[in-house]
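Participant: Sequence plus predicted model, see below.
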Amino acid sequence: MKNLTLNVLRANFRHPKIRTVQEEMFTAIVDAKAGLVIEAPTGTGKTAAAMAALLSLAVQKKGPLYYVTPTKTLVDQLARDFPQAAKIMGRAEYPCAYYTSRGVTNVTALDSPCYMLKCPHRVDQETGLTTEPGAEPCAYFQAKRNAWVRARNGGVVVCTTAFFLLNRLMVPGWKEEDPELVVADEAHRLAKVARSIFEYTLTDHHLRRLFKVLKEMDTDQAGIILAFYKCFMRMALRRQSNTPVLLKEEEIRRLIGIMEQLDVVRVRSLMDKALESGKLDPVVDREVLKLLENLLQNIPRFVVSLGFALEEGDRKPLNYVVAFYYRKDDVEFANTKKRARYFLTIRSYFVAPIIRKAFGSNVIACSATIGNADIWKHETGLRLPFRAFGSNFPSSRTRIFMPTDTPNLSAKTRRRDDVKKALKLIADAAKKFAASGRRSLVVVVSEDERVRFAKYAAERKLEVVTYGNGVKAREAAATFVAGTGQVLLGTVAHFGEGIDLPRGIAPVIFFLRPGYAPPTSPETQFEQRRFGQSHCWALWNWRVTIEALQARGRNIRTAHDLGVCFFISAQFRRFLYAGLPEWLRPACRSNVTTAQAIEETLKLLE
C-alpha cells in the first residue's frame with residue numbers, strides 16, 4: 001500500500017508491544033497494492049494494526065482517512081482508545097439548536113424538520129459560517145464539518161458505517177474526494193448495513209396526514225397522494241394479513257405511474273408558504289413538518305427505487321417491493337400502539353455497487369468472521385485480496401458442542417414440541433451451570449422463543465436478565481455484566497454480536513438454532529428468483545455460519561478467557577464444522593450427548 005512501510009507502521013503503533021500476528025498484518029498491508037481483507041480472531045489486535053495504518057498516513061497529512069464501524073458503541077470505544085481520532089455520530093446524538101432556542105427541549109437533530117425550516121443555526125459545510133451571523137452553530141452540522149475538514153486534511157475520522165455510506169453517496173463535499181484509506185471494521189456486516197439504510201417505507205398513516213395537509217393547499221397534488229394511497233391499499237388487501245408479499249411487476253409499474261405525477265417542487269413551495277403565513281407553526285406542527293420533510297425527500301428516491309425493482313433488458317431487479325397490512329384484530333397490531341395498518345416498503349438488495357462507490361479501492365476490511373471470501377466479495381462488491389490470520393488463543397481453552405441428542409429445529413422437519421423440548425433442555429443445562437456458579441448467555445432467533453424460554457427458566461427458578469417492558473437490550477446487558485442474574489437472554493439480533501462477556505462473565509453460551517429466513521419471506525423469494533436454489537443455499541449457509549461464529553465469540557475476547565458454546569439444533573451438524581477456521585476445529589465436539597458436554601464443560605471451567 002503506497003506511502004506505508006513496515007518501519008512507518010511500527011512507529012505509529014499506539015501500544016507498548018507489537019505481537020507476531022500484528023507484524024504479519026503489517027507485512028500484508030505494505031504488500032497490498034490498494035486494499036486488503038483481514039480475517040483475524042478477536043483478541044489478535046487487528047483494530048490496533050489497522051489504526052496504525054491510518055495514523056501513519058495522518059502523520060504524512062494524507063487524507064481523507066476514515067475508520068468505520070457498525071455501532072455507536074464501537075465508535076465511542078475507538079474514540080476513547082485512539083484520542084488522536086475525531087468522532088462524528090448521527091443526528092440522534094445532537095440537540096437541535098433551533099428548538100432549544102425556542103424553549104423546546106429533548107428535540108434532537110434527527111427529530112427536527114431541519115430542511116423545512118429557515119434555521120439561523122445551520123452551518124455551511126464549505127465556509128463553516130452559520131446561516132445567520134452570530135447564531136449558535138448547530139451541534140450536528142458543526143461536528144460534521146469539523147470531521148470533514150479533519151478528514152480532508154489528513155486527520156482520522158471515526159464514524160458508523162451507516163453515517164459513512166450516506167454521506168459519501170449523498171452529501172456534497174464528502175462525496176467529491178476519494179478517501180486515501182478507509183478501515184471497515186466488522187466488515188461481515190457491510191451489505192446488511194447498506195440494505196438497512198437504503199430502505200424506504202410509506203404507510204397509510206403517513207399518506208393520510210400528507211393528504212390532510214395538502215388538500216388545504218392544492219387539491220390536485222392531494223388527489224395524487226390519495227390515488228397512490230388507495231392503490232397500494234388495494235394491493236395489500238389482496239394478500240393475507242400480516243404477511244409481507246412481493247409485488248408483481250405490473251403492480252409496481254402502476255404505482256410508479258401514479259407517483260410520477262406528483263410535483264415535489266410545487267409541494268415544497270406550498271409548505272414554505274404555509275410556514276411563512278403561519279398556517280403551519282414550526283413548534284406546534286413539528287411532527288407534521290418532520291413527516292412532510294421525510295416524504296418530500298424520500299418520494300423522489302422512492303420512485304427511482306421502484307424503477308430499480310423492475311427488470312430492464314438484461315438487468316435483473318436490484319430492489320424488491322413488499323406490501324402488507326394488519327387487520328385490527330391481528331395480535332401484532334392490537335398489542336401495540338401503531339397508527340399505521342398498511343405498509344409499502346422498497347428494500348434495496350443489490351448493494352454491491354453502492355458499497356464499492358462509497359469505499360473506493362483503498363480499503364482495509366477487518367472482521368473475525370469473513371468465512372467464504374468469494375461470497376463476501378459478491379455481497380459487498382469489494383474485490384480485494386484476502387488474508388486469514390491464525391489465533392494466539394489456544395483452542396484447548398474453548399469447546400464447540402453440537403450434541404447428538406438434540407432435535408432438528410428446521411421448519412420442515414421439526415415436530416410439534418421440538419422447540420419446547422429444546423428450550424427446556426437449555427433451561428435445565430443453564431440451571432446445572434448456575435448451581436456451580438457459572439452464568440450463561442442464551443441466544444434465540446425469534447421473540448416468541450425469547451418469551452417462552454423466560455417462562456421455562458422462571459419455572460426452574462433461574463434468574464434471567466432480559467429486555468422488554470421498558471428495559472432496552474443494552475441496559476439488560478449492562479445489568480448482567482454488572483453481576484445481576486444467572487442467565488442473559490436475547491435474540492440473535494440483540495445479543496448475537498456487539499456485546500462482550502469475557503473474564504468468566506458468561507463462560508457458557510447456548511445458541512438455539514440457525515436463523516434462516518422463512519421460505520415464504522419476500523427476501524427468500526426474491527433471492528430464489530434472482531440466483532436459483534443452489535446459489536441461494538451457499539449464501540444462506542454463509543450467513544447463518546457468520547451468525548453462529550459471532551455468537552460463539554461473545555465470551556472469548558482474550559487469550560486468557562475460558563468459554564464454551566452449545567449449538568442446539570441438529571441443523572448445525574450439517575454445515576458448521578466446515579465453516580470453522582482451522583485453528584478452532586480441534587475444539588469442536590459433535591459426537592457427545594448433552595450430558596457429556598455439560599460434564600466436559602464443568603471440568604474445563606474448573
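Facilitator: It's in.

Participant: mind listing what Val37 touches?
Facilitator: By C-beta atoms under 8 Å, 6 or more residues apart in numbering, the contact set of Val37 is Ala187, Ala365, Cys366, Ile370, Ala373, Trp376, Leu382, Leu384, Pro385, Phe386, Arg387. From N, CA and C alone the C-beta is placed, and that goes for glycine too.

Participant: now those as a markdown table including neighbour count, distance to Phe572 and secondary structure?
Facilitator: Rendered in a markdown table, the data for the contacts of Val37 read as follows (neighbours: other C-beta atoms under 10 Å; distance: C-beta to C-beta, whole Å; DSSP: H, G, I helix; E, B strand; the rest coil):
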| residue | neighbour count | distance to Phe572 | secondary structure |
| --- | --- | --- | --- |
| Ala187 | 28 | 24 | helix |
| Ala365 | 26 | 27 | strand |
| Cys366 | 24 | 26 | strand |
| Ile370 | 24 | 20 | coil |
| Ala373 | 15 | 22 | helix |
| Trp376 | 24 | 21 | helix |
| Leu382 | 20 | 29 | coil |
| Leu384 | 22 | 30 | coil |
| Pro385 | 14 | 31 | coil |
| Phe386 | 16 | 25 | strand |
| Arg387 | 19 | 27 | strand |
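
Participant: which of the residues you listed lies closest to Ala11?
Facilitator: Taking C-beta to C-beta as the measure, Ala11 lies nearest Cys366 of the contacts of Val37, at 21.0 Å.

Participant: Could you check how far that closest one is from Ala388?
Facilitator: Between Cys366 and Ala388 the distance, using C-beta to C-beta, to the nearest Å, works out to 12 Å.

Participant: Phe141 too?
Facilitator: Counting by C-beta to C-beta, the gap from Phe141 to Ala388 is 42 Å.

Participant: next one: Pro514
Facilitator: Shown here: Pro514 relative to Ala388, a distance of 23 Å by C-beta to C-beta.

Participant: Point out where the stretch 251-400 of the chain drops to low pLDDT.
Facilitator: Low-confidence segments of the stretch 251-400 of the chain, defined by pLDDT under 70, span residues 335-337.

Participant: Just want the most central residue of this protein.
Facilitator: In the chain, the centroid-proximal residue (C-alpha atoms, centre = their mean) is Val193; its distance is 4.4 Å.

Participant: give me the number of residues near Ser436?
Facilitator: 11 (other C-beta atoms under 10 Å).

Participant: Oh, that last question was meant for Arg91, not what I typed.
Facilitator: A total of 17 residues lie near Arg91 under the criterion other C-beta under 10 Å.

Participant: Looking at Phe141 and Ala388, which has the bigger crowd around it?
Facilitator: More neighbours sit around Phe141 than around the other of Phe141 and Ala388, counting by other C-beta under 10 Å; the figures are 23 against 15.

Participant: By mean pLDDT, which helix or strand of the protein comes out lowest?
Facilitator: Every helix and strand in the chain was compared by mean pLDDT, DSSP states H and E; the lowest is helix 331-334, with a mean of 74.

Participant: tell me which residues in that one are buried?
Facilitator: Residues Phe333 are the ones in helix 331-334 that count as buried (16 or more other C-beta atoms under 10 Å).

Participant: picking that back up, quick check: phi and psi on the nearest residue to the residue nearest to the centre of the chain once chain neighbours are set aside?
Facilitator: When the adjacent residues along the chain are set aside, Val193 lies closest to Thr161, with 4.6 Å between them (C-beta to C-beta, 6 or more residues apart in numbering). When read as degrees, to the nearest 10, the backbone of Thr161 gives phi -60, psi -40.

Participant: Please determine how far Thr161 is located from Asp405.
Facilitator: With the distance defined as C-beta to C-beta, Thr161 ends up 41 Å from Asp405.

Participant: neighbour-wise, which of these two wins?
Facilitator: With neighbours defined as other C-beta under 10 Å, Thr161 and Asp405 compare such that Thr161 has more, 27 against 12.

Participant: and Val321, what element?
Facilitator: Taking DSSP states H and E as the criterion, Val321 maps to strand 319-325.

Participant: how far away is whatever residue is furthest in space from the centre of the chain from Pro394?
Facilitator: In the chain, the residue that sits farthest from the middle, by C-alpha atoms, centre = their mean, is Ser277; the gap is 42.0 Å. In this structure, Ser277 and Pro394 are separated by 73 Å, where distance is defined by C-beta to C-beta.
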